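Participant: predicted coordinates and the sequence they were generated for:
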There are 2 protein chains.
Amino acid sequence: MEPVHQVVIVGGGFAGLKVAQSLKRVPVHVTLLDRRNFYLFQPLLYQVATGALSPANIAAPLRSVLKRHRNVQVLLAEVLDFDVVNRRVVCREGTFPYDTLVVAAGVRHQYFGHDDWEPFAPSLKTIEDATAIRRRILTAFEEAELEGDAEKRKPWMTFVVVGGGPTGVEMASAIGDLARNTLKRDFRKIATPQTRVVLLEGTEHILPTFPVSLSAKAEQALARLGVTVRTRAMVTDVRADAVTFRDPDGTTETIAAKTILWAAGVQASPLGQALARAAGAELDRAGRVVVQPDLSLKGHPEIFVLGDLAHMEPSAGQLLPGVAQVAIQEGVYVARLIRARLRGQTLPPFEYKDRGNMATVGHNAAVADLGWLRLWGFLGWLLWLFIHLLYIEQYDNRFLILIQWAWSYFTRNRSARLITGETKGLRRANT
Amino acid sequence: MEPVHQVVIVGGGFAGLKVAQSLKRVPVHVTLLDRRNFYLFQPLLYQVATGALSPANIAAPLRSVLKRHRNVQVLLAEVLDFDVVNRRVVCREGTFPYDTLVVAAGVRHQYFGHDDWEPFAPSLKTIEDATAIRRRILTAFEEAELEGDAEKRKPWMTFVVVGGGPTGVEMASAIGDLARNTLKRDFRKIATPQTRVVLLEGTEHILPTFPVSLSAKAEQALARLGVTVRTRAMVTDVRADAVTFRDPDGTTETIAAKTILWAAGVQASPLGQALARAAGAELDRAGRVVVQPDLSLKGHPEIFVLGDLAHMEPSAGQLLPGVAQVAIQEGVYVARLIRARLRGQTLPPFEYKDRGNMATVGHNAAVADLGWLRLWGFLGWLLWLFIHLLYIEQYDNRFLILIQWAWSYFTRNRSARLITGETKGLRRANT
């Protein structure tokens, strides 16, 4: 009897998880390796960072999600390297042989050569990032309430978000909503609706991947939440209590702010470099792995790279964006290709079907571009709600999030406003 | 015009919060000082530690809870000392003058002179403790799944809880339930129902404050969840991977276990000592402050100590236990006494009305002793559910917890099974 075909998947995000799930009735054995024991619904991470949802609302244990997939083995392991000659993945916890390898290790944030900015302007990629940012935001209001001097109070009530993509827009609008609505009656000395929120974007428009008309709608919605948008603003310096940027006319401006958040850039997981060393993979400037039209590596048809880690250009200059739907469609494709190959067949190249783009702007507004339809405001938000509930992996999370959202929607409360973790350490670092 | 009477409350737990709330229509100004921005429903902390609830389900921002109490100012501050001569509370963040001072700073865990055991056997007092213990428990199963050697796997699948009071019983039974039910189908190599859970208690019976008949019921329920109870077991040593205890006949026994949890003892907040230095307060052996029949300090009628920090003996040898209902009743009494004094009146001494004791044992069982009624099993659990929902402070938490519980009850799922925080650090510490 032939041994069972071994598929090893590195990374349990949208792409890796979708491969594992789609191999359900395929005669392979799947090992899913991840450093974390849960699948994270990253598009909602900003809701944790602003106290609307709890971490467990947007994360589901990988073992639960894959409980009924008897051919899938989940292991909590940290991949160190790939041995492509002997077809093994080398982990801190042991080595795992593969016949087919799927690498979907994702991306991290990057500071364009200014890693020293990171402690002052944290990014939002992990659950820990989200609770740390929540702690910073809420602590800033607490410090403002304690501060007797009006001048010294201002930087505590100023929030700067760097980067006007969907994450930056959603963060800035959620902070605006928090200050204008949720916290309105919570404090006795400070007036939280006077909070200043500034969104800095380097290009001409916020949400640069959206049609200009929707960018404008988003900018109007942000203005209603008290968020000031500054476009064509290039950040030149970030310190503990100020951010400096250059305007297009060359003048520089400094905003005194105790809370600065970074949503401006990503770089690939270091496992991209490991693949470059081990399998001669070509990397792009952000460290993403350049893949063939079938998502495999050149010269290694048994190795696939997908999700945010993959550099996939269906036509020249048309790089697929690092969003959930690309990752999910790639996952489905690779699982189908693995099945086809086991039958001695193959598949035409991967083709991405763009179903559209969306971003929330505050409590009950969103912009959505479906190509054939553009929605904004409350209608856009309803669509956003529907799509996100549809894509959330575990049914009980979907159900509990819906309840929590409905509740928050009608009460305008954000009940997960907890300052947890190293509060004292943070305060010292900030002051 | 006379200046407004200033009440400063230190600690926003059951006792302190109740004082603040009960002063709603009293002509005083209240300052509530707490190091944390939330009120924690401690009796449910074990549900966070075992993945059934999220931190935000059992914690509510103090500002939200007190939003409509316009005479209450909440400040996030750490109390360093008391200046009873000038009637000021000295904090890291400033000094706060008082006419009446209420100290309800609670207790911490203690290791009876063996503080070196703490890193190996963490206790459950804070949200951070709960997520750290959740991480330990879940990581242990992950390590067991990764471990190829059956002998080496055993300590990962052995859990020891030290202390057979309500917290210890609830922790041990929740771990038993997790292993027997929730995780049953999650792993591929290990059989989680074979997990060994041992509960060590120093006295004759677990739940020593309950009637013996209910202790026996609890022991039976624990046995059904696979929990081994060892009574009259005195722990003599705790290491990273083993706990040693002495039987009543003098023989010592060592259990190899990677996960050891401590639920055995408490000591008062260091603010008790600060009161002893500043106001000559008398402390008991655990550092609790001995109070007068009206909960004030001897010689300082303007200072009250209540909650777990108070040593209150209505009759000799009848120390009031450190439970929520004592704290709540004390809070109501002190608020009434403050109001009476403002009117030039006084009140008879505080009288505690014992409404009973309860503890859950697993998924749908509890023991409850109401004095006039003893319940166990499913009926006890229904009562437990009712009482706990009744006492949870914020209505939206109450509503969301009920939904989450109903969901977990019918699916036997614990959806908050996230390993967050310093996983790698933990692993190194454990191995």
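Facilitator: Done, it's in.

Participant: how many neighbours does A:Pro119 have?
Facilitator: Number of residues near A:Pro119 (other C-beta atoms under 10 Å in any protein chain shown) recorded here: 11. Glycine gets a C-beta too; all of them are placed from N, C-alpha and C.

Participant: domains of chain A?
Facilitator: Residue ranges for the domains of chain A, per automatic domain parsing: A:5-35+A:77-109+A:267-342, A:115-264+A:414-430.

Participant: just the strands in the stretch 101-250 of chain A please.
Facilitator: Using DSSP state E, counting those that start in this stretch, the strands of the stretch 101-250 of chain A run over residues A:107-109, A:158-162, A:196-200, A:227-230, A:234-239, A:242-246.

Participant: quick one on the thing from earlier: lowest-confidence stretch among the domains of chain A?
Facilitator: Lowest mean pLDDT of these: domain A:115-264+A:414-430, a mean of 92.

Participant: and the residue of the stretch 151-300 of chain A closest to chain B?
Facilitator: Nearest residue of the stretch 151-300 of chain A to chain B: A:Asp186, at 3.8 Å (C-beta to the nearest C-beta).

Participant: my bad, should have said the stretch 301-431 of chain A
Facilitator: Residue nearest to chain B within the stretch 301-431 of chain A (C-beta to the nearest C-beta): A:Ala416, separated by 3.6 Å.

Participant: so what's that residue up against?
Facilitator: A:Val48, A:Gly51, A:Ala52, A:Leu53, A:Ser54, A:Arg134, B:Ser54, B:Pro55, B:Ala56 (C-beta atoms under 8 Å, 6 or more residues apart in numbering or on different chains).

Participant: now do the second one against A:Ile419, distance only.
Facilitator: When distances are taken as C-beta to C-beta, to the nearest Å, A:Gly51 and A:Ile419 turn out to be 10 Å apart.

Participant: shared neighbours of those two, anything?
Facilitator: A:Arg134, A:Leu138.

Participant: okay, those two: which has more neighbours?
Facilitator: Taking neighbours as other C-beta under 10 Å, A:Gly51 and A:Ile419 compare with A:Gly51 leading, 26 against 23.

Participant: for the more buried one, helix, strand, or coil?
Facilitator: Following DSSP: H, G, I helix; E, B strand; the rest coil, A:Gly51 is assigned to coil.

Participant: with A:Gly344 instead?
Facilitator: Three-state secondary structure (criterion: three-state DSSP) places A:Gly344 in coil.

Participant: number of residues surrounding it?
Facilitator: The number of residues packed around A:Gly344, counting by other C-beta under 10 Å, is 6.

Participant: please apply the same query to A:Leu402.
Facilitator: 14.

Participant: residue numbers of the stretch 51-200 of chain A in contact with chain B?
Facilitator: A:54-57, A:59-61, A:63-64, A:67-68, A:73, A:75-78, A:93-94, A:127-128, A:131, A:138-139, A:142, A:145-146, A:183, A:185-189 (C-beta under 8 Å from any C-beta of the partner chain).

Participant: try 7 Å this time
Facilitator: Proximity of the stretch 51-200 of chain A to chain B, by C-beta under 7 Å from any C-beta of the partner chain, involves residues A:54-56, A:59-61, A:63-64, A:67, A:73, A:75-76, A:93, A:127-128, A:138, A:142, A:145-146, A:185-186, A:188.

Participant: list buried residues within those residues.
Facilitator: A:54-56, A:59-61, A:63-64, A:67, A:73, A:75-76, A:93, A:127, A:138, A:142, A:145-146, A:186 (16 or more other C-beta atoms under 10 Å in any protein chain shown).

Participant: can you list which of these are found in helices?
Facilitator: Counting by DSSP state H, the part of these found in helices is A:Arg63, A:Ser64, A:Ile127, A:Leu138, A:Glu142, A:Glu145, A:Leu146.

Participant: list the contacts of A:Arg230.
Facilitator: Contacts were defined as C-beta atoms under 7 Å, 6 or more residues apart in numbering or on different chains; by that measure A:Arg230 touches A:Val198, A:Leu200.

Participant: with A:Gln292 instead?
Facilitator: Contacts here follow C-beta under 7 Å, 6+ apart; on that basis A:Gln292 touches A:Lys298.

Participant: let's go with 10 Å and repeat that
Facilitator: Contact partners of A:Gln292, counting by C-beta atoms under 10 Å, 6 or more residues apart in numbering or on different chains, are A:Lys298, A:Gly299, A:His300, A:Pro301, A:Phe304, A:Val305, A:Met312, A:Pro349, A:Phe350.

Participant: can you name the two of these that are farthest apart?
Facilitator: Farthest pair in the contacts of A:Gln292 (C-beta to C-beta) is A:Gly299 and A:Phe350. Separation: 18.2 Å.

Participant: in three-state terms, label the closest residue to A:Leu383 other than its chain neighbours for me.
Facilitator: Closest residue in space to A:Leu383, ignoring its immediate chain neighbours: A:Ala368 at 5.1 Å, by C-beta to C-beta, 6 or more residues apart in numbering or on different chains. Following three-state DSSP, the label given to A:Ala368 is strand.

Participant: what pairs with A:Ala368 across the strands?
Facilitator: Bridge pairing for A:Ala368 (DSSP bridges) gives the partners A:Met358, A:Leu375.

Participant: roughly how far apart are it and A:Asn37?
Facilitator: Distance of A:Ala368 to A:Asn37, computed by C-beta to C-beta: 33 Å.

Participant: quick one: which of the two has more around it?
Facilitator: Neighbours of A:Ala368 and A:Asn37, each counted by other C-beta under 10 Å, are more numerous for A:Asn37; the result is 25 against 22.

Participant: what's the distance between the more buried one and chain B?
Facilitator: For A:Asn37, the distance to chain B equals 5 Å [C-beta to the nearest C-beta, to the nearest Å].

Participant: that residue against B:Arg417, yeah?
Facilitator: Yes: using C-beta atoms under 10 Å, A:Asn37 and B:Arg417 qualify as a contacting pair, with a distance of 7.3 Å.

Participant: which residues does A:Trp372 contact?
Facilitator: Contact analysis of A:Trp372 by C-beta under 10 Å, 6+ apart lists A:Gly356.

Participant: tell me the secondary structure for it?
Facilitator: State at A:Trp372, reduced to three classes by three-state DSSP: coil.

Participant: what pLDDT does it get?
Facilitator: For A:Trp372, the pLDDT comes out at 87.

Participant: same question, A:Gly377
Facilitator: Reported pLDDT for A:Gly377: 89.

Participant: give me the nearest residue to it, chain neighbours excluded.
Facilitator: Closest residue to A:Gly377 apart from its sequence neighbours, by C-beta to C-beta, 6+ apart: A:Ala365 at 5.2 Å.

Participant: just A:Glu302 next, same as before
Facilitator: A:Thr100 (5.3 Å).

Participant: roughly how far does the one you found sit from chain B?
Facilitator: A:Thr100 is 19 Å from chain B, by C-beta to the nearest C-beta.

Participant: got a list of what A:Thr167 touches?
Facilitator: A:Thr167 neighbours (C-beta under 10 Å, 6+ apart): A:42-43, A:45-46, A:49, A:109, A:123-125, A:161, A:261-264, A:266, A:359.

Participant: ok, and the most crowded of these?
Facilitator: Ranked by neighbour count (other C-beta under 10 Å), the contacts of A:Thr167 have A:Val161 at the top, with 30 neighbours.

Participant: look up the closest residue to it, ignoring the ones flanking it.
Facilitator: Leaving aside its sequence neighbours, A:Val161 sits nearest to A:Ala172 (C-beta to C-beta, 6+ apart; 4.4 Å).
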